[in-house]
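S.K.: Structure here, sequence nowhere to be found:
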């Protein structure tokens, strides 16, 4: 059974940091690109970071560049998202997703085969 399970979200104050995890099972993790998406209340889901399956090349949307870092540990079947200097506008449900692609990664949701259930990140003072 394929599963992606996000964890690490929570309520934090502006300026703080969080590290989200995405634990994968049921598929060959290093054959899949991983991406992080987020959806804020009343807004569309936004893809903002991805990492390729084996060589770990990364892509970031301009909105998060410099504050967010995506990484993965293939032997552990886990991907991570380090978020620094959190802002209230980062408040959203954060999802990880996996796409069967060993060469590239993309920030568009339609290419992703598997999705996690999401983890809530709330940034508020």
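M.R.: Yep, that arrived. What you see is a predicted model; the values in this text were computed from it and never measured.
S.K.: my guess is residue 64 meets residue 47, correct?
M.R.: No: between residue 64 and residue 47 there is no contact under CB atoms under 8 Å: 10.4 Å. Bear in mind the C-beta positions are built from the backbone N, C-alpha and C, glycine included.
S.K.: Would you mind measuring from residue 103 to residue 6?
M.R.: 25 Å (CB to CB, to the nearest Å).
S.K.: per-residue pLDDT, the residue most central in space within the chain?
M.R.: The geometric centre of the chain, computed from its C-alpha atoms, lies nearest to residue 36 (CA atoms, centre = their mean), at 2.4 Å. Note for residue 36: predicted pLDDT of 98.
S.K.: partners of the host helix or strand of it in the sheet?
M.R.: Counting by DSSP states H and E, the element that carries residue 36 is strand 32-39. Taking DSSP bridges as the criterion, strand 32-39 pairs within the sheet with strand 46-51 (antiparallel), strand 92-100 (antiparallel).
S.K.: in its sheet, what does the helix or strand harbouring residue 71 sit against?
M.R.: If you go by DSSP H and E, residue 71 is part of strand 68-73. Strand pairing for strand 68-73, determined by DSSP bridges: strand 78-83 (antiparallel).
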